[in-house]
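Undergrad: coordinates for the following, if possible.
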Amino acid sequence: MELKKKKISAQAINALKKALSYIYWYKSDLRSFLTHTINNPQVLSYLDWNDYKRNICSRFVDILVKNEERNHNDLLKLISEVSNFKVFTHLEHLEDGKEKAKKAREAVKALKEISNGHFNIEKEQKEIENRRKEAYEKTLERTAVREKLEEIKNEFFSLIGSENPQSRGFKLEKVIKELFSLFDLDPKASFKIVGEQIDGAFTFDNNDYLLEAKWQKDPVDIGDLDSFSGKLGRRLENTLGLFISINGFSDDAVKAHSSGRRLMILMDGSDLMAVLEGRIDLIQLLLRKRRYASQTGKIYLKIHEIMTGK
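TA: Below is the predicted model:
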């Protein structure tokens, strides 16, 4: 179900421009946020990123408004994401950080007040999520989908006791490709395996993602995420990444890559199990993780936080 296409007021548009120019100090952070938030990040290539940040934000919103019918959902999503900004520690550690954070909070508060008077975005988003959940539950009632999910889950279970990293890597590749295919995420055939590591790609929400998966005894550390970030940096500018680590990630690795230009989101074995058991569909999981990253700057949202609504 699409959000009702009620025309967005000029007051809300101006408040959005102002808030966007304040919530991040560095343009690289702003660009990362916009890339994760909108459905068509190609728009970002039309901007002059050497210009002043206020001009960039104004130009960006004007491009979306110029074709509001087509970009309506992106505008609503931006208003929602910016209105829900709660963490400003990335500003507070800068010079005059308290003042920068204060201005950002005031701009976000103003946008929220204006948008709440014009839209009930949070209610609409919750209704969309509930409808998607209901639709997914109905989908699972269809024998073919349920049986395929069960087949993939059994394949994954068979790997748990494996002591052969190479063999386990090949089978995990099959599990991931079949799961992503089941949810129409167009996994590319050019997956390759090096030891316990899988490299691949898929398309989600009109964005291209690189995928890396690891199944090793220890949590993935900073070096692994640094390496993956380097791969993303060498691709087209709007390419994002999904890193799956069956045994999770070190706290230092997550913290290090939850600052600056955030290019990736993270999944672990618990996320994978929740999808395989039918407790959440893969699309909804990725949407929630990406939204969390854009709102908080943190790239690792755990499944228990999603399921409990924390």
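Undergrad: how about residues contacting the strand or helix carrying residue 21?
TA: Under the criterion of DSSP states H and E, residue 21 resides in helix 10-23. With CB atoms under 8 Å, 6 or more residues apart in numbering as the test, helix 10-23 has contacts from 30, 33, 53-54, 56-58, 60-61, 65, 75, 78-79, 82, 85, 88, 100, 103-104, 107-108, 110-111, 114-115, 118. No exception for glycine: its C-beta is placed from N, CA and C like everyone else's.
Undergrad: how about a cut-off of 6 Å?
TA: 53-54, 57-58, 61, 79, 82, 85, 103-104, 107-108, 110-111, 114-115, 118 (CB atoms under 6 Å, 6 or more residues apart in numbering).
Undergrad: with stretch 86-94 instead?
TA: Contacting residues not belonging to stretch 86-94 are listed as 25, 97, 100-101, 104, 296 [CB under 6 Å, 6+ apart].
Undergrad: export the residues you listed as TSV, with columns for secondary structure, distance to residue 174 and pLDDT.
TA: Converted to TSV, the contacts of stretch 86-94 look like this (DSSP: H, G, I helix; E, B strand; the rest coil; distance: CB to CB, whole Å; pLDDT from 0 to 100):
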residue	secondary structure	distance to residue 174	pLDDT
25	coil	45	89
97	helix	49	89
100	helix	49	92
101	helix	48	91
104	helix	46	94
296	helix	34	80
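Undergrad: what's the weakest-modelled helix or strand in the protein?
TA: None of the helices or strands of the chain scores lower by mean pLDDT, DSSP states H and E than strand 192-194, at a mean of 55.
Undergrad: what number of residues lie near residue 174?
TA: Residue 174: 14 surrounding residues under other CB atoms under 10 Å.
Undergrad: whoops, residue 104 was the one
TA: 23.
Undergrad: separation between it and residue 66?
TA: Separation of residue 104 from residue 66 (CB to CB, to the nearest Å): 27 Å.
Undergrad: for residue 266, same thing?
TA: Residue 266 is 35 Å from residue 66, by CB to CB.
Undergrad: the two - which one has more neighbours?
TA: Between residue 266 and residue 66, counted using other CB under 10 Å, the more crowded position is residue 266 (25 against 9).
Undergrad: on the three-state scheme, the closest residue to that one other than its chain neighbours is what?
TA: Spatial nearest neighbour of residue 266, chain neighbours left out: residue 300 (4.4 Å); criterion: CB to CB, 6 or more residues apart in numbering. Put simply, residue 300 is coil when judged by DSSP: H, G, I helix; E, B strand; the rest coil.
Undergrad: my read: residue 300 touches residue 254, true?
TA: Yes. If you go by CB atoms under 6 Å, residue 300 and residue 254 touch, sitting 4.6 Å apart.
Undergrad: and the helix or strand harbouring residue 275, how far out from the chain middle?
TA: Residue 275 belongs to helix 269-276 when elements are defined using DSSP H and E. In terms of CA atoms, centre = their mean, to the nearest Å, the centre of helix 269-276 is set 17 Å apart from its chain centre.
Undergrad: and residue 300 and residue 254? which has more neighbours close in?
TA: Neighbour count, other CB under 10 Å: between residue 300 and residue 254, residue 300 has more, with 23 against 18.
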